[in-house]
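Visitor: Here is a sequence with its predicted model. Questions after.
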Amino acid sequence: MFIFISLLFIFYYKNLKQEKLYSLYLEMKNYSLTLKGDKFETEIVSPKNTKFYELLENGNSYHIDVPIPFLEKEVLRIKYSKDKFKKELFTAMNQIIYIYVLSVIIILVLSFLFSIYSLSPLRRAYLMLDESVKDIIHDINTPVSSILINMKILKSKYKNDEDVENTILATKQLSNIYNNLKSLIKETEKNIQEVNLKDIVKSEINFFRKIYPEIKVETELNDLTVRVDKTVAERIITNLLSNAFKHNIKDGYVKIKLDKELVIKNSSPYIKNPDKLFDRYYKETDRGVGIGLSIVKKLCLEIGWEVSIRYEKGEFTAQIKP
């Protein structure tokens with residue numbers, strides 16, 4: 001609608017300008033017969049191949065050339081300032097300008113109201129989906145917690161049973177997914193305390209080593225104590241290590257260095273768009289759901305940590321600065 005109104009305005013402007021120019025031409029032609037009045041300027045010129053009684057523009061004025069009787073090399077030029085013409089044109093356009101501005105405002109208001117009306121079903125659907133996801137996440141918590149407790153009991157009875165150990169690992173992975181979804185939908189209250197990140201990193205490495213025994217792991221871990229919510233720190237480190245192990249290559253490697261910062265490097269398949277990896281639900285493979293790094297970014301912003309990622313020649317690097 002805006003484009004349509006604008007095109008009408010432009011068409012009207014061009015049409016009005018042509019009408020004004022034609023009216024000016026007629027006035028100049030009539031003036032050439034009597035030379036009465038002070039609206040136009042006149043001068044004697046000696047142009048070559050001039051066209052008589054034709055409206056032309058030259059510099060800052062419009063003009064017509066009129067022949068002078070008994071003179072062949074000189075003509076009378078009648079001129080009118082372009083600035084004066086523009087002022088007259090603008091004065092004639094005032095009303096249509098007001099109509100145009102008013103039309104644009106009305107279009108904007110109508111567009112805004114229509115957008116609210118058209119998006120309201122989508123908004124309601126989003127709210128319903130959001131509530132459903134929250135309910136599902138809440139309902140998942142109870143059975144996952146129950147399974148973990150029962151698996152610990154089974155482990156105490158069958159200490160060396162491989163099936164029990166594998167089930168515990170799978171349940172912990174399910175618990176990690178639950179915690180990620182929980183972190184995704186709301187900001188939890190922080191319980192700030194002294195936390196040694198080395199303990200968290202070592203614990204998570206041991207967990208992922210059992211799931212991905214074919215991945216070669218190199219570590220260089222030093223103590224790094226920070227004041228942070230332990231649950232949030234665990235969620236960040238778990239997601240980074242999960243990403244490093246999950247999105248790896250056959251017989252690949254993971255290198256973890258902890259000093260004043262945490263650096264995790266892993267062999268990686270080709271990544272097309274590394275800059276999009278922090279975007280929620282973005283993924284380049286069928287593995288995962290595309291929320292791990294998004295949650296890392298979200299949680300780091302909440303606690304004031306710096307996080308960066310890069311991909312170079314088959315190696316992916318994630319870096320955290322507490």
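Guide: Looks like it came in fine.

Visitor: other SSEs contacting the lengthiest helix in the chain?
Guide: Longest helix of the chain, by residue count under DSSP state H: helix 82-157. When contacts are defined as 3 or more Cβ pairs under 8 Å, 6 or more residues apart in numbering; DSSP states H and E, helix 82-157 sits against helix 2-34, strand 61-67, helix 162-185. Backbone N, C-alpha and C define where each C-beta goes, glycine included.

Visitor: For the stretch 151-300 of the chain, which segments are assigned as strands?
Guide: Ranges of strands within the stretch 151-300 of the chain are 192-196, 216-221, 225-229, 253-258, 262-267, based on DSSP state E, counting those that start in this stretch.

Visitor: With only the CA atoms kept, save the first one in PDB.
Guide: To tie it back to what came earlier, the one meant is strand 192-196. This file holds the C-alpha atoms of strand 192-196, laid out as PDB (Å, rounded to 0.1, in the frame of the first residue of the first chain):
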ATOM      1  CA  ILE A 192      27.300 -18.500  44.400                       C
ATOM      2  CA  GLN A 193      30.100 -20.500  46.000                       C
ATOM      3  CA  GLU A 194      33.800 -21.300  45.700                       C
ATOM      4  CA  VAL A 195      34.100 -23.900  43.000                       C
ATOM      5  CA  ASN A 196      37.300 -25.600  41.600                       C
END
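
Visitor: ok, it: who's next to it in the sheet?
Guide: strand 225-229 (antiparallel) (DSSP bridges).

Visitor: List the buried residues for the partner strand?
Guide: For strand 225-229, the buried set under the neighbour-count rule, 16 or more other Cβ atoms under 10 Å, comprises 228-229.

Visitor: Return it as PDB; C-alpha atoms alone will do.
Guide: This file holds the C-alpha atoms of strand 225-229, laid out as PDB (Å, rounded to 0.1, in the frame of the first residue of the first chain):
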ATOM      1  CA  THR A 225      38.900 -21.800  41.700                       C
ATOM      2  CA  VAL A 226      36.100 -19.300  40.900                       C
ATOM      3  CA  ARG A 227      33.000 -17.900  42.600                       C
ATOM      4  CA  VAL A 228      30.100 -19.200  40.600                       C
ATOM      5  CA  ASP A 229      27.000 -21.300  40.800                       C
END
